[in-house]
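**Q** Need a 3D model of the sequence below.
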Amino acid sequence: MDWQPDQQGLQQVLQLLKDSQSPNTATQRIVQDKLKQLNQFPDFNNYLIFVLTRLKTEDEPTRSLSGLILKNNVKAHYQSFPPPVADFIKQECLNNLGDASSLIRATIGILITTIASKGELQMWPELLPQLCNLLNSEDYNTCEGAFGALQKICEDSSELLDSDALNRPLNIMIPKFLQFFKHCSPKIRSHAIACVNQFIMDRAQALMDNIDTFIEHLFALAVDDDPEVRKNVCRALVMLLEVRIDRLIPHMHSIIQYMLQRTQDHDENVALEACEFWLTLAEQPICKEVLASHLVQLIPILVNGMKYSEIDIILLKGDVEEDEAVPDSEQDIKPRFHKSRTVTLPHEAERPDGSEDAEDDDDDDALSDWNLRKCSAAALDVLANVFREELLPHLLPLLKGLLFHPEWVVKESGILVLGAIAEGCMQGMVPYLPELIPHLIQCLSDKKALVRSIACWTLSRYAHWVVSQPPDMHLKPLMTELLKRILDGNKRVQEAACSAFATLEEEACTELVPYLSYILDTLVFAFGKYQHKNLLILYDAIGTLADSVGHHLNQPEYIQKLMPPLIQKWNELKDEDKDLFPLLECLSSVATALQSGFLPYCEPVYQRCVTLVQKTLAQAMMYTQHPEQYEAPDKDFMIVALDLLSGLAEGLGGHVEQLVARSNIMTLLFQCMQDSMPEVRQSSFALLGDLTKACFIHVKPCIAEFMPILGTNLNPEFISVCNNATWAIGEICMQMGAEMQPYVQMVLNNLVEIINRPNTPKTLLENTGRLTSPSAIPAITIGRLGYVCPQEVAPMLQQFIRPWCTSLRNIRDNEEKDSAFRGICMMIGVNPGGVVQDFIFFCDAVASWVSPKDDLRDMFYKILHGFKDQVGEENWQQFSEQFPPLLKERLAAFYGV
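**A** Residues are numbered from 1 along each chain as shown. Now for the predicted structure:
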């Protein structure tokens, strides 16, 4: 006899389920407490499954809710269910998958996959065979219920299903699913495709064995009447394009024709899936040859998809022009992630045109869910990068009609198109820009907010070109209009204008200096005007301004404008408020730019950063000791605080000494340098290097403790941590001089190993946007070690001289390069034999100097002439024959060899 409920208990559970649907928060709290109590009784879960599967007289929402509460219990503590309870639940699920209600079937399916993902696929061997058996049922509900459950299991456990652990059930399941592609019910056809789709990306063997049947069946369903089926067909083809393009190539012409139709499907979900096809195709090497002849059809379709739909406009409140006084709701504000401080070196190579990645989100955050407009714009962007100028003949005729269209929705889409192709088609667009940019600047004062906001974005995509023209032509009018938009009455426009202005600042740099007063007036005025979300973007615009104009900001009148509102915000925010992140980042840039101008504000800022680090470390300690009592702290607070301290040390230089003297920062730094989180260590080493430069008197007593930690962090797996540790060691060398000797062996072997790594990846440095070779930092530090302890480092010269020379030849003349080259010259003095085999690399590195200091030039002169004298005139002639002509010229001109 199976389990039966006690009637009184059943009534109690039903009442609880009814109460939990009440909107009243007090009732909700009572329900939560009651659930906690009832969970003490093992058979409470029997009541829940009983309500879900047997009480057909109850209303569906109550039954479904009972199942969802049970699902949460399974998730939380299925392991402690007594076996009879677990068996009863499993049996009830399988017996009732054919319930008349689709909501109940779906709930049971969710319950089954939750049990299965609790490690029960292995412990419930009859589950998959029974579900596959139920698919054969004549009863539609049973078949649909079983398929729904299988689809969820395929989504949640796809890897396990394709493993030996379960004896590879897919060998039976996939052929079974394929039979149902021809089922008379669209819902079942849709489930069947969705199940198989789960195994495409992982290239499950059972699917690969049936791949041709699968593709044939997909083609057969191409024009299915049901939108859900068409959506799943499109999704399958997009994934196959990524993993089995070989199988699609023979049919590529017809697949493209099909996708052109589907991208215009009247069901937007189908159109969106189909539109993904173009994004994926653009990444394939064959894109150009297979798509070129279809561009004439595809481009108008994508452009058409870039218009706002009516529903978009409603969701975006497109008819609301002024909303600046409406406070933001908290869920509007995306979480922010702080990028840890990275030490970088100036480099020769300027960044190429169109440097910004297409990632700078078009616009319409409120629809941050992916939609057809965004997907079409992204597809046009990537295709512009594939086809470059060849895209323009298909686009330009359309663009003219769009950009000057009387309907704002059409005009808006034209501006978006222009922005989407900016990166890929820049060269081809240049002839049209002198006419287009003024038109776009005019659009900044359009009466529709959505037109004004998209014009901000598109103009930011052409900022590089604008800045390359004489400033009065476009930069000045653009800047003037953008600043007006920063004070727009519409929040979306404010946001777009602030982001665009930040991009313009990065491109224009010191070109903005003449307008600083006007820019600051606007940004400071915005402080009093902005709601929560846009304030965070405003901080970014101010920080970027400080990075871009640097010390030009250090003028009393500018400081007077900028600092009071920043400090006021700083005082308003509590230590636990995440808004501190963007504000601290902003202040870090401002402190670095203002240098001594920041002195009057530094003390409270410094103290608070130290407190933030201290608090976070204390919380982390409590969490480690008692994880059940305390929550893990958010270490971003500590990282941002360390980075602002770095900014202060860099900006204030020696002035920071008094602040350090009166705080326990060195003790805290010792803990941060050993933190388990790489980003914390990364920021700690940056701060250590900055403090070493600014006030070594406080760092020196800690060197014996710090050096072993620095040595263990020379691990290129964490490239940014490794770079910052390496840089800090180099700065310490310069301060320690010969006293560095006891520590050389701790770090030298690791540094030599790092510099010899096969092509250490080129990293795109965040704060300069320029490429530099990461091995330049280890090379500088090895040079500096050799400068202070030549006897210790010189014996290894032969092991690093070649990569040392190649990684420093591209670095511009500066102090760091100067000290490193002095070091290499001193080591060559101690061990001239170490450089003989790679002397041509040394010559090349010397020639990379534009204007070395006189005494360094003398050192180069002596080494070059010494080598020439050593080998004799004839051998030198033969040797210098290998030089490239430019190198030969430079050495002859500068050093007479």
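**Q** Now tell me what touches the host helix or strand of Gln32 from outside.
**A** When elements are assigned from DSSP states H and E, Gln32 belongs to helix 25-38. Identification of contacts with helix 25-38 by C-beta atoms under 8 Å, 6 or more residues apart in numbering yields Val13, Leu16, Asp19, Ser20, Ser22, Phe44, Ile69. Yep, even glycine has a C-beta here, placed from its N, CA and C like the rest.
**Q** where does the second one land on pLDDT?
**A** The predicted local distance difference test score for Leu16 is 86.
**Q** Could you tell me whether it really is in a helix?
**A** Yes. Checked against DSSP: H, G, I helix; E, B strand; the rest coil, Leu16 lies within a helix.
**Q** What is the burial count for His464?
**A** Other residues lying near His464 total 22 when counted by other C-beta atoms under 10 Å.
**Q** likewise Ile840?
**A** 16.
**Q** Surely it touches Trp876?
**A** No. Between Ile840 and Trp876 there is no contact under C-beta atoms under 8 Å: 11.9 Å.
**Q** Val699: what's it in contact with?
**A** Per C-beta under 8 Å, 6+ apart, neighbours of Val699: Met666, Leu688, Leu691, Thr692, Phe706, Ile732, Gln735.
**Q** Helix, strand or coil: sort out it for me.
**A** What three-state DSSP gives for Val699 is helix.
**Q** For it, give me the pLDDT.
**A** Predicted confidence (pLDDT) at Val699: the value is 97.
**Q** Asn810 now?
**A** 84.
**Q** Next, work out how far apart it and Val699 are.
**A** In this view, Asn810 and Val699 are 30 Å apart by C-beta to C-beta, to the nearest Å.
**Q** How about the contacts made by Pro227?
**A** Neighbouring residues of Pro227 by C-beta under 8 Å, 6+ apart: Asp265, Asp267, Asn269, Val270.
**Q** Where does pLDDT dip in the stretch 751-897 of the chain?
**A** Residues of the stretch 751-897 of the chain that meet the criterion pLDDT under 70 lie in 759-775.
**Q** repeat for the stretch 101-250 of the chain
**A** 120.
**Q** quick one on the thing from earlier: now the contacts of Val699 as JSON lines including distance to Leu35, neighbour count and secondary structure?
**A** What follows is the contacts of Val699, written out as JSON lines (distance: C-beta to C-beta, whole Å; neighbours: other C-beta atoms under 10 Å; DSSP: H, G, I helix; E, B strand; the rest coil):
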{"residue": "Met666", "distance to Leu35": "51", "neighbour count": "16", "secondary structure": "helix"}
{"residue": "Leu688", "distance to Leu35": "51", "neighbour count": "29", "secondary structure": "helix"}
{"residue": "Leu691", "distance to Leu35": "54", "neighbour count": "26", "secondary structure": "helix"}
{"residue": "Thr692", "distance to Leu35": "57", "neighbour count": "25", "secondary structure": "helix"}
{"residue": "Phe706", "distance to Leu35": "53", "neighbour count": "22", "secondary structure": "helix"}
{"residue": "Ile732", "distance to Leu35": "59", "neighbour count": "27", "secondary structure": "helix"}
{"residue": "Gln735", "distance to Leu35": "63", "neighbour count": "16", "secondary structure": "helix"}
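**Q** Out of these, which is nearest to Val233?
**A** Comparing the contacts of Val699 against Val233 with C-beta to C-beta places Leu688 closest, at 57.6 Å.
**Q** what's the closest non-adjacent residue to the closest one?
**A** Nearest in space to Leu688, with sequence neighbours left out and distances taken as C-beta to C-beta, 6 or more residues apart in numbering, is Ala728 at 4.6 Å.
**Q** how far does stretch 505-520 stretch from start to finish?
**A** End-to-end span of stretch 505-520 (C-alpha to C-alpha, to the nearest Å): 13 Å.
**Q** Give the buried residues for it.
**A** Under the neighbour-count criterion of 16 or more other C-beta atoms under 10 Å, stretch 505-520 has Glu505, Glu506, Glu507, Ala508, Glu511, Leu512, Tyr515, Leu516, Ile519, Leu520 buried.
**Q** can you give me the offset of that stretch from its chain's centre?
**A** Centroid displacement of stretch 505-520 relative to its chain, using C-alpha atoms, centre = their mean, to the nearest Å, is 28 Å.
**Q** average model confidence for it?
**A** The average pLDDT within stretch 505-520 is 95.
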